[in-house]
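A.B. asks: sequence first, then the predicted structure, then my questions.
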Amino acid sequence: MSAPPALQIREANAHLAAVHRRAAELEARLDAAERTMHAQAERLALHDQHLRAALDELGSAKDREIATLQEQLMTSEATVHSLQAAVQQRDELIRQLQHRAELLQDICRHRPPLAGLLAALAEAERLGPLPASNPSRPPPGGPGPPLANSTGEEADSDHLQPAVFGTTV
């Protein structure tokens, strides 16, 4: 076989050199892309780590807030129960006071007639006892014989006591 001409060898060598340069260029680009990809992966991993930490902190903050709100709810419920008990006690006191108020209103309605009766009793007490006289003969214009009580029974003069006016009120 004959040797290839020098021109073909030079063209083949130039082609091989171009292929070799192209391969070296592609390897350099591949290394750069791998470094970029590795840097991006590290940044993404770091970002992911920061996001996970932030998410964990949010979860912890949420749990703390829930615990605080549950404690506030329990305190509020205890306060509500306490206030309901106080309302029930006051309602009972109001019922008792309403009954007493009704009694006082009745007393106030009866006060004027009682005041008149007390004034009459005071006047009778001021007049004092009658002068001594013969019980069998009443004085003229004075009291008459003892009256029978309103039950229809006859008055028994042995059981009657002399009347003494006075007030105990």
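C.D. replies: Perfect, thanks for sending it. It should be emphasised that the depicted structure is a prediction, and the values quoted were computed from it without experimental measurement.
A.B. asks: how close does the residue positioned nearest the centre of the chain sit to Ala86?
C.D. replies: In the chain, the residue lying closest to the centroid (Cα atoms, centre = their mean) is Val80, at 3.1 Å. Distance of Val80 to Ala86, given as Cβ to Cβ, to the nearest Å: 11 Å. Where you see a C-beta, it was placed from the backbone N, CA and C, and this is true even at glycine.
A.B. asks: what is the rounded mean pLDDT of stretch 31-41?
C.D. replies: Stretch 31-41 shows a mean pLDDT of 97 in the predicted model.
A.B. asks: actually, stretch 124-144.
C.D. replies: Stretch 124-144 comes out with an average pLDDT of 67.
A.B. asks: His99 and Leu83: what is the separation?
C.D. replies: With Cβ to Cβ as the criterion, His99 and Leu83 are 25 Å apart.
A.B. asks: what's the pLDDT at Ile107?
C.D. replies: pLDDT recorded at Ile107 is 89.
A.B. asks: which other helices and strands contact the helix or strand that contains it?
C.D. replies: In the assignment (DSSP states H and E), Ile107 maps to helix 6-127. For helix 6-127, there is no helix or strand it packs on, judged by 3 or more Cβ pairs under 8 Å, 6 or more residues apart in numbering; DSSP states H and E.
A.B. asks: chain center to it: distance?
C.D. replies: Distance, stretch centre to chain centre, for helix 6-127: 20 Å (Cα atoms, centre = their mean, to the nearest Å).
A.B. asks: for Leu130, grab phi and psi.
C.D. replies: Dihedral pair for Leu130: phi -70, psi 150, per degrees, to the nearest 10.
A.B. asks: an error on my part: the question was meant for Pro129.
C.D. replies: Phi and psi for Pro129, reported as degrees, to the nearest 10, are phi -70, psi 160.
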